[in-house]
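In: after the sequence you'll find the predicted model.
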Amino acid sequence: MAKRAVVVLTLVVVGWAGARLAGRQTSSAPSTDHQSYTAATTAILVDVVVRDHKGQLVTDLTADDFSLTEDGNPQKIATFTRVTRGGGIGLNVRWKAPGKTSIVAADGSEPEAGADGSGMQEGAGATALVYDHLSEDALHLAQKATLNYIPMNGESKVWIGVFATQPAVSVVQPFTTDRAAVRHAVEKLMTAGTSSTELASERRDQIVDRRRDLLSQNQALVAAAAIGSGPGLAQNGMQMGRTEMELQLLEMERSMIDSFGALDRDHRGYDTTLSLITVIRSLAEMPGRKSVVFFSEGLPVSPVLATKLDDLISAANRANVSVYTIDAHGLATSSSLHDTRKQMVEFGEERLEQVASGSDHTNRPLTRDLERVEDLVRLDSRSGLARLSADTGGILIADSNDLTSAFKRIDEDNQFHYMLSYSPSNNTFDGKFRTIDVKVRRPGVDVFSRKGYRAIRSTRPGDITTYETPALALLDKTPLPNAFPMRAAGFTFPDPAHPGLSPVIVHFDTDVLEFNVDQQRATYSAQAIVLVRIRNADGQTVHKLSQQYILSGDSKDIDAAKHGTILFYRQPDLLPGVYSMETIVLDPLTGKSSARVSTLDVPATDSKTLGMSSLVLVNRTEETGTAPENTVSAPLFVGKTLIYPNAGEPIAKSSTNTLSFYFTLYGEVEGAEATAELMKDGRVLAEAPLPLPAASGSRTQHVGKLPIGGLPPGTYELMIRVASNGRELSRTAFFTLQE
């Protein structure tokens, strides 16, 4: 019988009992994957409203009158539904279709309609009334229009909810059919208090007027100096100096107002889009036609907000929600177009003055002002409102104090519309946006419908941001991409307070990314998208974690930027079970990506028995200087030391002769015995007892060191066994040694 060679290794162990941990970034609560639609199995539903040139509903169309294309390719309409309901959120206007409402299937059969001829007995629809950050005049106008339209009492034929977006979304009235409750909710809405913004605008106008006066005075002084001499000339020179100083101070104040205005605009726009996505989620699972009536004084499309607006439109289209936007400015206040024209005239005057005088009091490059003019055109308060309504099949109501007519239009659309369904001929989940174009074979009509959808697998509407869609599509492809090196790992730390705490780490070097250099601006830029999808044993997505990284800086620093590392860290809280963790890193500039799939086992825990975390191999540590306060939410802190896990990187013997490892014990640790085993190819090379410190507090942390200088290159397995009161737990970790 062959004898087994035993290599004796000394394990240097450092233990901390009951250490305090700091809070790190934690994900939101687990979310359930809801069925939406997919290009392979579920039909795409499209609500369509058709009106004639007078704005009247066209109610006598048949399936043969419609044609539909996706990305320009004709699609076969599977079902055609003419939907008629009796009443909307306010007036009891009843539409009668010619004959009964019908649902025509692809085979030409016609199922029997409902008893009332609606064919839609399962749901009368829902409307969300959303009031944005509104000034006093705008809110009064919106409230008046709503209250004038909705009757004092009675039951609505559709479900109505009232929401406000200040500062975050608030449910003023949950969905109800009680009109009195809706009216009460609208009446108690409070103004957002935009007086500070209005005061800033007034002060900016005062600055511009004062600058004009000073420039006129300067021109007169220059003319006088040209023909003067002696004391008068000196006095004019002193006055010109004071004027120049005041001009500089005014320009500084104007720049501050403009900068704050841009930040405030983006902040409000970000809050608003998130609020609307939340409202759309509440509508997503409701049956029937769904609509949002959005009262706002503007939703500008700045570069910062463009992506969030895309997310909002995508969420609305996935939930089949039409958004009707109402510019609450009406005719009562000055419009944003007036402000835009005013600032464009201001820009022209300044540049003419600069050319005439040969000097520039703004101390700004011409390109910056040109960019601001372009920005003003794109940031018209109605630009975002117009796009939001057009791309979701709604309409924009603007430049009108008669907002009651807008409600009537919305009610008519809810009461009568067509519903088409089709199964796309392109069944590839590529994450791309697919345009939908509905046409009617009748002249002189306008067609209103949503403009498209993103081809991704089913998920809850609003849970996917625009930058995530290509990454999700790549995760669903076979084989998975592997264009560059990246590492991903998941761990479990079953603290009794959070038994499913599961740190997730992804890291990669920035040299795998494409760096673009703007020679004109002398800047560089690069992008990366990290996405982790966690699925349970049934294949349902329970967590989706992601981050978009935008790298930019001076082109002279590009070499340093290319030698950096991106570390992605999240801490989802999972229920006990076995999960698959799918990770992808995508460079959106080149389309190159790499994906990894691993298993994450979250054990069931009991605070009265022994519990054990994952075995973590330590890549490096960092001394933070302060001990964290929250011991639960920072499992990778040991005292003041932050541990960076090894996620599978090879370990070079030339750089270290020891391997550090770390784990945490929970519950009954008193009297526990631990053993460390080093294995290769399933054979035990060495084993040694692991001394455990006395238990203290709710957990005991251990950091140990394993000498590896005498081991040949190869892949090894480290196993830690812990036994206590007849219960034994073990955790393993693999590592690869290189010379």
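Out: Now that the structure is in, tell me what you want to look at. Residues are numbered from 1 along each chain as shown.

In: which outside residues touch the one helix or strand residue 677 maps to?
Out: With secondary structure defined by DSSP states H and E, residue 677 is part of strand 673-680. The list of residues contacting strand 673-680 from outside it, by CB atoms under 8 Å, 6 or more residues apart in numbering, reads 7, 9, 11, 684-692, 704, 706, 714-724. All C-beta spots, glycine's among them, are computed from the backbone N, C-alpha and C.

In: buried subset of the residues you listed, written for PyMOL?
Out: Command for PyMOL, covering only those of these found buried under the criterion 16 or more other CB atoms under 10 Å:
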select buried, resi 9+11+685+686+687+688+690+692+704+706+716+717+718+719+720+721+722+724
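
In: so residue 500 sits right up against residue 602, yeah?
Out: Yes. In this structure residue 500 lies within contact range of residue 602 using CB atoms under 8 Å: 5.4 Å.

In: shared neighbours of these two, which are they?
Out: 492, 494, 574, 575, 576.

In: most surrounded residue in these?
Out: residue 494 (26 neighbours; other CB atoms under 10 Å).

In: where's it relative to residue 738, distance?
Out: Remark: distance between residue 494 and residue 738 (CB to CB, to the nearest Å) = 33 Å.

In: now residue 291
Out: Residue 291 is 61 Å from residue 738, by CB to CB.

In: who's more crowded, these two?
Out: residue 291 (27 against 12).

In: contact partners for that one?
Out: 125, 126, 127, 128, 321, 322, 323, 324, 394, 410, 413, 414.

In: what's the helix or strand for it?
Out: strand 290-296.

In: what strands flank that strand, and is each parallel or antiparallel?
Out: With DSSP bridges as the test, strand 290-296 is paired with strand 126-131 (parallel), strand 321-327 (parallel).

In: so for that strand, mean pLDDT?
Out: When pLDDT is averaged over strand 290-296, the result is 91.

In: quick one: low-confidence parts of the stretch 151-300 of the chain?
Out: 167, 191-202, 221-237, 257-267 (pLDDT under 70).

In: what segments of it are strands?
Out: 155-164, 170-178, 290-296 (DSSP state E, counting those that start in this stretch).

In: quick check: angle from the last one to strand 155-164?
Out: In this case it means strand 290-296. Interaxial angle of strand 290-296 relative to strand 155-164 (axes from the mean of the first three to the mean of the last three CA atoms, to 10 degrees): 40 degrees.

In: run the chain-centre distance for strand 290-296.
Out: With CA atoms, centre = their mean, to the nearest Å as the basis, strand 290-296 stands 20 Å off its chain's centre.

In: what element comes up after that strand heading to the C-terminus?
Out: Assigned by DSSP H and E, the successor of strand 290-296 is helix 303-318.

In: for that next one, the averaged confidence score.
Out: On average, helix 303-318 scores 80.

In: from the chain's centre, how far out does that helix sit?
Out: 9 Å.

In: now do the buried residues in it.
Out: 305-306, 308-318.

In: max pairwise distance over those: which two?
Out: 305 and 318 (19.8 Å; CB to CB).

In: quick one on the thing from earlier: kindly export the strand holding residue 291 (C-alpha atoms) in CSV.
Out: The C-alpha coordinates for strand 290-296 follow below in CSV (Å, rounded to 0.1, in the frame of the first residue of the first chain):
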residue,chain,number,x,y,z
LYS,A,290,-53.7,52.6,-19.3
SER,A,291,-52.8,56.2,-19.4
VAL,A,292,-50.9,58.9,-17.5
VAL,A,293,-52.0,62.5,-17.5
PHE,A,294,-48.9,64.4,-16.7
PHE,A,295,-49.1,68.1,-15.6
SER,A,296,-45.8,69.8,-15.9
